[in-house]
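*Asks:* I would like the atomic coordinates for the input below:
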Amino acid sequence: QVQLVESGGGLVQAGGSLRLSCAASGRTFSSYNMGWFRQAPGKEREFVAAIRWSSGSTYYADSVKGRFIISRDNAKNSWYLQMNSLKPEDTAVYYCAATRRYTLVVGSEYDYWGQGTQVTVSS
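*Replies:* Below you'll find the predicted structure:
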């Protein structure tokens with residue numbers, strides 16, 4: 001059974017940092033593209049960041065560019081989201097996801113999802 005499990009969320013003050021982790025099990029994800037999405041209360045799920053398995057190319061939403069860094073460790077079947085200079089508007093449930101499709105910014109293109117981890121940034 002394929003499972004993605006996020007961890008690392010929590011409460012942090014504005015300007016602080018958090019590192020989210022996503023551990024995959026049930027299959028090897030080395031040939032999967034991996035992404036992070038988030039959903040704030042009352043808002044739609046939105047793309048945050050993604051990394052392509054073949055080239056290692058990374059993609060970011062404009063709102064997080066320069067503050068967040070996505071990375072992966074194929075040996076550990078895991079990927080990460082380093083979040084720096086956090087803002088109250090970053091408060092959301094963060095989800096990791098995996099896909100073999102080319103399009104990385106659309107949630108419906110992803111096949112596997114984690115259960116989410118809450119990130120709360122206080123002002």
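
*Asks:* Going by C-alpha atoms from here, please, whenever you check contacts or count neighbours.
*Replies:* OK.

*Asks:* Can you tell me, leaving aside adjacent residues, what's nearest to Leu104?
*Replies:* Of all residues not flanking Leu104 in the chain, Ala50 sits nearest, at 6.4 Å (Cα to Cα, 6 or more residues apart in numbering).

*Asks:* residues in contact with the residue most central in space within the chain?
*Replies:* By Cα atoms, centre = their mean, the chain has its centre lying nearest to Trp36, at 2.3 Å. By Cα atoms under 8 Å, 6 or more residues apart in numbering, the contact list for Trp36 reads Phe47, Val48, Ala49, Ala50, Leu81, Tyr94, Tyr95, Cys96, Ala97.

*Asks:* Next one: the residue nearest to Leu104 from Tyr32, what distance?
*Replies:* Counting by Cα to Cα, to the nearest Å, the gap between Ala50 and Tyr32 amounts to 11 Å.
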